[in-house]
Each structure stands twice: as C-alpha cells, then as structure tokens.
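*Asks:* Structure for the following, please:
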Amino acid sequence: MNILVIGGGGREHALAWKLHQSSKAEKLYAIPGNPGMAAIAECVSEISIGDNAALVNFALEKKIGLVVVGPEVPLTNGVVDAMSRAGIKAFGPTKLAAEIEGSKAFCKDLMKKYGIPTAKYQVFTEAGAAREYIKKEGAPIVIKADGLAAGKGVIVAETEAQALAAVDEIMCDKAFGSAGSRVVIEECLVGEEASLLTFTDGETIVPMVSSQDHKRAYDGDKGPNTGGMGTYAPAPVATPEIVAQAQREILDPVIAAMRQEGRTYKGCLYAGLMITAEGPKVIEFNARFGDPETQVVLPLLESDLVDIMIACVDGTLKDLDIQWSQGAAVCVVMAAGGYPKSYAKGDAITGLEAAADRGAVVFHAGTAQKEGRIVTNGGRVLGVVAKGGNIRSAVDKAYAGVREIHFSGAEYRKDIAHRALERLEK
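*Replies:* Here you go, the predicted structure:
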C-alpha cells in the first residue's frame, strides 16, 4: 500500500525508516518530510500539515492506504477525523481523544476522576491566584502551560521565586502564546523518569520497550528544558514489575476512562512516568510517539509496523504477538549552538556518511537542502542512533557516530544514558 507520514522531524524520519522496512509498504510520501526522509519517501512541502482538506485530497489522489500522523498539532486539529470521514485509514487519536495532550487540565481532571496515580495539582486562569497557591505550597513545584508548547511549556521551579517568575513568563508575558492562558501547578514528584510508549486500538493496549529522555540542555541534567537532547531504551528503572504495575494501574484504566468519556483512544499513547517510592505516577500523557523516544524504540521493534498500525485502526490489536529484539538503542541529539534559545540556521553539515559507516543511523530533525548540501534548519538538528548488545556498547557506537559529524556551533550532551550506566555498573 501507499503510506503517508505527516510531519518533518526526527520522529517522522524514524517512523518512515521503520515503515519502509515493511513488505506492505509500496510507496512512502511525507508532508513536509525532510532531506533525510527524501532517500526513502517522496517529500511534499507545498501542503501545510494544518490544512486537513488539502491533506485528505492528497491522500485520495495518491491512493494512500495508511496515514501516519507524527506531530501533536495535526491530531488536535482533527486530521484523523477528516481522514476517517473520507474512508482513509489513519493511525492516531481523534480530535476529542487527542485532548489528553492538548489540554493538561483535561488530562489531570481525567486522572483525578478515575483514580489514576499522578501528582497533586490545581488549575488556574488568573495569575494572582496562581501566585497565592505557590506561596501556600512552597517549592520545589512544577508549573505547566495548559496547551501545546512543543515540549517546552513545563518549568520545574526549585525555589518560590523561580515559580512566581514562571507564572509571569507563562501567563503574563505569554511566552507560549495562548497555551499559557491556563496553567496547571502541581507537586514536584521525586524519583526517576521513564517513558512508556504504547500501541492501542481503544480496547487492547500493548506497551513498547521503555525508554528515558534527557530534557535538560546540558550535561548532568543542568540548564533549561528542551524538546529532548537524547534518549535510550530500554530504561533499567522500568523493571518488568514496574511496567506491569503501570499497565494495571495507569495504562488499562486510562484507555477504559477515555472510552467511558466517549473519546475512544486509538494510536500511540505516550505515558511520561515518574517512578516514585510508591510506584509509577503519571507526569504527562502525549497523544503520539515521543521525540526522541521513537528514535530508540522503533529500532528495537522486530514486528511489522504497518501490521501493528492497521490493527490499531481496525481494532484487532489483541490478535498480534508483537516482538522486540534484545539489546539496547541510544540516541544522541546534535543541536544548533544556542538551542533552546536563539540559534543560527544554514550551516553546512558534513560527516553523515562517515557516521553511517560507524554503524549509526542518523535521523534528520532540523535540516534543509541548500545548493546540493545538507544544512542546519532547526534547534535539534540530528538524532544519531545506534544499537548494541547492551547500553554501554550502544552508547559507545552512538558517540562514535557523533564524532564524525560536524557543523558550526554543534552542541550535544556527553552523558546520554548516564543513569542507566550508573545503575548497571553498581
């Protein structure tokens, strides 16, 4: 069948890379795609990912058998609903179901109603009331813009002053636009984070291999939050017992809750978890594959991704036996100098072939083609991924790939997977 991937970042490159391996995939299209995806898919940059009518018309014209939606914005914009009305299979939640990511307040209220373990919280629409709550609760405390903010609308405040400044930044200065018209303020959970991506058809839910992201910009988990500076899978903190507990207490209940609310959820549900002394608790749900978690989870998938996605759409996931490979995968994000603040674009990138020769797979996140060369075109530029028999060998292979790649001002963390290595080397 012909397959359309919507999106143009590292996550979408990883999705296209895995879909391309399926014997069911005849021709791949990507809107808008990127230079890395162009090797395996026809990239179409003239259509906006926010234009549902144009996306549906393209899918009909190209006889697309499966649409795979990468980013959150088209999902909350109802692209899956539009495709379904046109009789086109689309992997991802409906607009109503995607609100689990589109509104943090909705998500927290849902978890409270159905007894799903998460941090204590309050929702505010007035900055004054938010400030008073912070003064009452003290720090550390977490302030979140309610709406979509490209992974950057969360501020973990270590002091009361930082928390008050975060309210001003989000609600008064509109640092994240209308996403900050409401804020969720919640207790700061203590523990180690893990990401658990899942496949679901609205009834059955199947966890993927666990992973762990590195949100802070600098080594040692210092600096501002980013969209993710690297990741690895599996995460040793997410033991089989923890994953089973998360499925029993979080994943199965939330899918049942969404059904009960008339928002049947199909696609990939991303659970961001904090593994606390009391067990796993939800930090956030996302309505799609994580970025850069996808870049390490999919290389470990042995089953056919097309089959899985079709089963999620058709409601037959329970009939599949999804297989994962042993070993580990690591992704190191190479970012433009200055990210996540202002950064330059248009710098030439060299060494991509040399990195591949070292055994790395390089997923393009923020690149462009200019005068026959690949250049930087975003904050997170590349995700350099490697598989190994264990975390240590995957880390070594990924960094060997990173060292081959060069562009002006390139920045990357040198300690990806440090928690896993510390845990495994104890």
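
*Asks:* From here on, just use CA atoms for contacts and neighbour counts.
*Replies:* Fine.

*Asks:* show me where pLDDT drops low in the stretch 151-300 of the chain?
*Replies:* For the stretch 151-300 of the chain, applying pLDDT under 70 flags the ranges 151-152.

*Asks:* what ranges do the helices span in it?
*Replies:* Remark: helices assigned in the stretch 151-300 of the chain by DSSP state H, counting those that start in this stretch are 160-167, 240-246, 252-260, 294-297.

*Asks:* show me the contacts for residue 27.
*Replies:* Taking CA atoms under 8 Å, 6 or more residues apart in numbering, we find residue 27 in contact with 1, 2, 3, 41.

*Asks:* Go again with 10 Å.
*Replies:* 1, 2, 3, 4, 20, 40, 41, 42, 62, 64 (CA atoms under 10 Å, 6 or more residues apart in numbering).

*Asks:* same question, residue 396
*Replies:* By CA under 10 Å, 6+ apart, the residues touching residue 396 are 330, 386, 387, 388, 402.

*Asks:* what's near enough to touch residue 157?
*Replies:* Counting by CA under 10 Å, 6+ apart, residue 157 touches 138, 139, 140, 141, 142, 143, 163, 164, 165, 166, 188.

*Asks:* What residues of stretch 121-129 count as buried?
*Replies:* 121, 123, 124, 127 (16 or more other CA atoms under 10 Å).

*Asks:* What of stretch 222-238?
*Replies:* Using 16+ other CA under 10 Å as the test for burial, stretch 222-238 gives 225-238.

*Asks:* same thing with stretch 86-99?
*Replies:* If you call a residue buried by 16+ other CA under 10 Å, then stretch 86-99 has these buried ones: 88, 89, 90, 91, 92, 93, 94, 95, 96, 97, 98, 99.

*Asks:* what's the spacing between residue 13 and residue 156?
*Replies:* 30 Å (CA to CA, to the nearest Å).

*Asks:* who has more neighbours, those two?
*Replies:* residue 13 (30 against 19; other CA atoms under 10 Å).

*Asks:* From residue 78, how far out is the more buried one?
*Replies:* From residue 13 to residue 78 the distance is 22 Å (CA to CA).

*Asks:* about what we covered before: and the two most separated of the contacts of residue 157?
*Replies:* Greatest spatial distance among the contacts of residue 157 (CA to CA): 165 and 188, at 16.8 Å.

*Asks:* out of those two, which sits in the busier spot?
*Replies:* Taking neighbours as other CA under 10 Å, residue 165 and residue 188 compare with residue 188 leading, 18 against 15.

*Asks:* Excluding residues flanking it in the chain, which one is nearest that one?
*Replies:* Once flanking residues are discounted, residue 188 sits nearest to residue 141: 4.9 Å by CA to CA, 6 or more residues apart in numbering.

*Asks:* hey, what's the one you found bridged with?
*Replies:* Residue 141 has the following beta-bridge partners by DSSP bridges: residue 157, residue 187.

*Asks:* Please name the residues that touch it.
*Replies:* The contact partners of residue 141, taken as CA under 10 Å, 6+ apart, are 121, 134, 155-160, 162-163, 185-189.

*Asks:* so how far is residue 122 from it?
*Replies:* Residue 141 is 12 Å from residue 122, by CA to CA.

*Asks:* Now the common contact residues for these two.
*Replies:* 185, 186, 187.

*Asks:* TSV please, covering those residues and showing neighbour count and distance to residue 419.
*Replies:* What follows is the shared contacts of residue 141 and residue 122, written out as TSV (neighbours: other CA atoms under 10 Å; distance: CA to CA, whole Å):
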residue	neighbour count	distance to residue 419
185	28	27
186	22	25
187	18	23
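
*Asks:* so of the contacts of residue 396, which ones are in strands?
*Replies:* 330, 386, 387, 388 (DSSP state E).

*Asks:* Okay, domains of this structure per the record?
*Replies:* 2-94, 126-181, 192-319, 328-424 (automatic domain parsing).

*Asks:* Out of those, flag the one nearest residue 113.
*Replies:* With CA to CA as the measure, domain 192-319 is the member of the domains of the chain nearest residue 113 (9.0 Å).

*Asks:* can you tell me the distance between the two ends of the closest one?
*Replies:* End-to-end distance for domain 192-319, by CA to CA: 34 Å.

*Asks:* thought residue 331 was touching residue 388?
*Replies:* No. Using CA atoms under 10 Å, residue 331 makes no contact with residue 388, being 11.7 Å away.

*Asks:* circling back: dump the ones in strands among the contacts of residue 396 to a markdown table, plus distance to residue 283.
*Replies:* Shown next, in a markdown table, are the ones in strands among the contacts of residue 396 (distance: CA to CA, whole Å):
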| residue | distance to residue 283 |
| --- | --- |
| 330 | 23 |
| 386 | 28 |
| 387 | 28 |
| 388 | 29 |
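
*Asks:* show me what contacts residue 17?
*Replies:* 11, 28, 36, 37, 39, 40, 41, 295, 298, 299, 361, 363.
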